[in-house]
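S.K.: sharing a model prediction with you, sequence too.
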There are 2 protein chains.
Amino acid sequence: MEQAKAPSLTYQGSGVDYEQMDPAKRAAQICALTTADNLAHHGMREVPWSRGESVYLTEEDDRYNGHVEEGLGTKNRVAEAMRRLTGQLSFNLIAQDLLAMIVNDMITLGVMPVTVAMHLAAGSSDWFADEPRVANLMEGFAEACDIARCTWGCGEMPTLKVLVHPDFPVLAGSAAGIIKPKSRLIDPRNLRDGDVITFLPSTGIHANGLTLAQQIAESLPDGYLTDIGNGQTYGDALLVPTPIYVPVLDDLLGAGIVPHYTVNVTGHAWRKLERATEPFVYVIHAVPEVPPVLQFIQHHGNLTNEEAYGNLNMGAGFALFLAQNDVRAASDVVRRHGMELFNAGYVTKRGDLKAVEILPLDLTFDAESLKVR
Amino acid sequence: MEQAKAPSLTYQGSGVDYEQMDPAKRAAQICALTTADNLAHHGMREVPWSRGESVYLTEEDDRYNGHVEEGLGTKNRVAEAMRRLTGQLSFNLIAQDLLAMIVNDMITLGVMPVTVAMHLAAGSSDWFADEPRVANLMEGFAEACDIARCTWGCGEMPTLKVLVHPDFPVLAGSAAGIIKPKSRLIDPRNLRDGDVITFLPSTGIHANGLTLAQQIAESLPDGYLTDIGNGQTYGDALLVPTPIYVPVLDDLLGAGIVPHYTVNVTGHAWRKLERATEPFVYVIHAVPEVPPVLQFIQHHGNLTNEEAYGNLNMGAGFALFLAQNDVRAASDVVRRHGMELFNAGYVTKRGDLKAVEILPLDLTFDAESLKVR
């Protein structure tokens, strides 16, 4: 007789309710738009379609400028927990996650990050007094900047008593970057029927889905020390850092390969593949291998494929929509960075239909599944 | 017989310990510096002396670029408390404070903010579901951007359960800006013996000293509803927003008046006047009128002048160090913005001595009082 399954852990159940949150995002977007005319004072103009993209663009005669603000989410809770359990310092790893969250968003339109800032808001001055932890975090962020070919210029480190939990700071930051020459712009309006959907591989959970991952840890007798089946503890597997895709994109653009669009696979996971404004159907004929830690989460969280692929990257770290003619050359560039470009499917036009069809899983995400981009 | 005084509320007593925090800032600065060479990849070079200033600069042939990351601190607690007490929405006011914290730092070296981002990290999705509150906040931020002549381009609004208090989000953000033409650069190396110390007026507490301000509210029978002596409640007086000094600086620079240095008077208050690297003595012969709310805080917090002027702006919102010949023209520009430029003293050279001497108060801040800039 089949064992009764535990109730499925969904995102609403975990306390993060996108239905509630998204109207605020929409209000922000509406108010922000009213300030667009102020660019003229600085001799710049807005790139209107970039509002709501992962990076905001302004235009000048010789360049585009890009600006991103992003955060780590709650992944530092795992680093703190693993330190208590094992003594190991992994703040350098989450520092890479933080930078990746910022710069992997920035590159989606071809913007190369030039300067980045770290915002580290702690709930207690004690957090800052732990010098090995602080040094480990700072060193990791600097190393990640070297990978991302950008410079750590500034930052902010307040103590916000009451607002922030004393053990778990809020880690965030920003980047300012450029597209120069302007021919390196990735413009979603280039997306068309017949484009190839390719993925850069993910290394694990990256920095999305951690609230759920932590709930699962709480439900396991050995928590973060549970072997996920390959000899690795759950905590260590969660802490494998997000790849920084900047050098890959930089070298693709440098080789004259300009993707028709790209998507950084984060919070809405595979639902985000249909992020472009123009309606297309994204037909997936092959799904990449799922990293063991995500298999573990899907199993122990008892997630349907809809929940798993709708919220976790499931092996797809970053999507590149490429002209068919560019796929081979792009694969060569990607391989030089020690990764394999995964050929997942194609973009097609079916009138006004917008959907992600994952054929091997018999799963479709319709336009409604991604209300706010 | 004189009444026994309550023990003085100092910053260490309020739980924000700069002695503990500053080594982390120093570690960050050391690690950040190792990434400076990455600028060459983008055809830029660093402005080394800008590290540790309020805004980080990179240089190109035709411009400087500036980047700032900043936060509001804890002032939103006052807005939330006043809403509970009176029903009034003042999130538009703290939104202006947030923008002011970002852009008033950016202009210190002459950088004009072009694009800004808001980071609003809540502890519960419920916070975002309160539409009047959210709308009020967003409208205030957009209005503040119009004052600051910049564009709200992007942002981030995560729900960070456990990390952030459900009622009190962390509000932060960033700005990217430019100095163009390059002659508008404010270079602290221009600071010299005989320069005039002038202040743009503050409107109240701005966004620094709020932890202390809140402790005082807790100690008062009527809390935030206490009349501070001019018919205004303590809560309303605290919520008067920080001025956005961008248009004043923009118009000064546009008129060819380039200050030799400037200081945004924030966390270290008057200690920050000696922020420039080169040692000078800052002789203050006149102090501006103290806003009633700061008088109230000094009285009820039983702060010495050293504590008050070392942590609260005490009427000096932004310091401009000007060549003597520029003072009259600068005053005219400032007056057109509805403010009076306050002539507070002069800069002088006394060998390697670095100090702020506030003669009317018989108070000196030596170099040790400002360990991290």
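M.R.: Received the coordinates, thanks.

S.K.: quick check: residue A:110 touching residue A:250?
M.R.: No: Residue A:110 lies out of contact with residue A:250 (C-beta atoms under 8 Å); the separation is 9.3 Å. Using the backbone N, CA and C atoms, a C-beta is placed for each residue, glycine as well.

S.K.: if you count surrounding residues, which of those two has more?
M.R.: Each of residue A:110 and residue A:250 has its neighbours counted (other C-beta atoms under 10 Å in any protein chain shown); residue A:110 has more, 26 against 19.

S.K.: nearest residue to that one other than its sequence neighbours?
M.R.: Residue nearest to residue A:110 in three dimensions, not counting chain neighbours: residue A:186, with 4.0 Å by C-beta to C-beta, 6 or more residues apart in numbering or on different chains.

S.K.: can you list the domains in chain A?
M.R.: As assigned by automatic domain parsing, chain A contains the domains A:18-184, A:188-369.

S.K.: just the helices in chain A please.
M.R.: A:18-33, A:76-86, A:91-106, A:125-129, A:131-147, A:210-219, A:234-238, A:246-254, A:292-300, A:305-311, A:327-336 (DSSP state H).

S.K.: just name the most buried of these.
M.R.: helix A:91-106 (a mean of 27; mean count of other C-beta atoms under 10 Å in any protein chain shown).

S.K.: from the chain's centre, how far out does it sit?
M.R.: 9 Å (C-alpha atoms, centre = their mean, to the nearest Å).

S.K.: what average pLDDT does that helix get?
M.R.: Across helix A:91-106, pLDDT averages out at 98.

S.K.: with stretch A:139-147 instead?
M.R.: Across stretch A:139-147, pLDDT averages out at 98.

S.K.: contact partners for the spatially most central residue of chain A?
M.R.: Residue closest to the mean C-alpha point of chain A, counted by C-alpha atoms, centre = their mean, is residue A:266 at 3.5 Å. Counting by C-beta atoms under 8 Å, 6 or more residues apart in numbering or on different chains, residue A:266 touches A:101, A:104-105, A:206-208, A:272, A:313.

S.K.: where does pLDDT dip in chain A?
M.R.: Within chain A, the ranges that satisfy pLDDT under 70 run A:1-21, A:371-373.

S.K.: pretty sure residue A:261 is touching residue A:323, no?
M.R.: No: Residue A:261 is beyond contact range of residue A:323, at 11.0 Å (criterion: C-beta under 8 Å).

S.K.: quickly list what's touching both of those two.
M.R.: In contact with both residue A:261 and residue A:323: residue A:195, using C-beta under 8 Å, 6+ apart.

S.K.: who has more neighbours out of these two?
M.R.: Higher neighbour count among residue A:261 and residue A:323: residue A:261, with 26 against 16, using other C-beta under 10 Å.

S.K.: quick one: that one from residue A:337, how far?
M.R.: Distance, residue A:261 to residue A:337, using C-beta to C-beta, to the nearest Å: 20 Å.

S.K.: now swap in residue A:202 and tell me
M.R.: Distance, residue A:202 to residue A:337, by C-beta to C-beta: 14 Å.

S.K.: who has more neighbours out of those two?
M.R.: Higher neighbour count among residue A:202 and residue A:337: residue A:202, with 22 against 14, using other C-beta under 10 Å.

S.K.: list the contacts for the more buried one?
M.R.: Taking C-beta under 8 Å, 6+ apart, we find residue A:202 in contact with A:242-243, A:265, A:291, A:313-317.

S.K.: next: residue A:151.
M.R.: Going by C-beta under 8 Å, 6+ apart, residue A:151 touches A:114-116, A:145, B:32, B:35-36, B:38-39, B:46, B:58.

S.K.: equivalent analysis for residue A:327, please.
M.R.: Shown in contact with residue A:327 (C-beta under 8 Å, 6+ apart): A:196, A:198, A:341, A:343.

S.K.: what is the burial count for the first one?
M.R.: Right, residue A:196. Neighbour tally, residue A:196, other C-beta under 10 Å: 21.

S.K.: is it true that it touches residue A:328?
M.R.: No: here residue A:196 does not reach residue A:328: they are 10.5 Å apart, not a contact under C-beta under 8 Å.

S.K.: for stretch A:166-183, which positions count as buried?
M.R.: Of all the residues in stretch A:166-183, those buried under the rule 16 or more other C-beta atoms under 10 Å in any protein chain shown are A:167-180.

S.K.: among these, which ones are in strands?
M.R.: Members of the buried residues of stretch A:166-183 lying in strands (criterion: DSSP state E): A:170-179.

S.K.: the residues you listed: which two are farthest apart?
M.R.: Pairwise distances across these peak at 29.8 Å for A:170 and A:179 (criterion: C-beta to C-beta).

S.K.: with distance to residue A:287 added, can I get the contacts of residue A:327 in JSON lines?
M.R.: Listed next are those as JSON lines, based on distance: C-beta to C-beta, whole Å:
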{"residue": "A:196", "distance to residue A:287": "15"}
{"residue": "A:198", "distance to residue A:287": "13"}
{"residue": "A:341", "distance to residue A:287": "15"}
{"residue": "A:343", "distance to residue A:287": "11"}
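
S.K.: mind putting the contacts of residue A:151 in a markdown table, distance to residue A:297 included?
M.R.: Shown next, in a markdown table, are the contacts of residue A:151 (distance: C-beta to C-beta, whole Å):
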| residue | distance to residue A:297 |
| --- | --- |
| A:114 | 35 |
| A:115 | 35 |
| A:116 | 29 |
| A:145 | 29 |
| B:32 | 34 |
| B:35 | 34 |
| B:36 | 39 |
| B:38 | 35 |
| B:39 | 39 |
| B:46 | 42 |
| B:58 | 41 |
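
S.K.: mind giving me the ChimeraX select for those, buried ones only?
M.R.: Only the buried entries of these go into this ChimeraX selection, using 16+ other C-beta under 10 Å:
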select /A:114,115,116,145 /B:32,35,36,38,39,46,58
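
S.K.: which of the contacts of residue A:151 sits closest to residue B:64?
M.R.: residue B:58 (6.8 Å).

S.K.: can you tell me how far the closest one is from residue A:138?
M.R.: Applying C-beta to C-beta to residue B:58 and residue A:138 gives a distance of 21 Å.

S.K.: near chain B too, which of the contacts of residue A:202?
M.R.: Near chain B, taking C-beta under 8 Å from any C-beta of the partner chain as the test, no member of these is found.

S.K.: inside strands: which ones of those?
M.R.: A:316-317.

S.K.: closest to chain B out of the contacts of residue A:202?
M.R.: Distance to chain B, by C-beta to the nearest C-beta, is smallest for residue A:242 among the contacts of residue A:202, at 15.9 Å.
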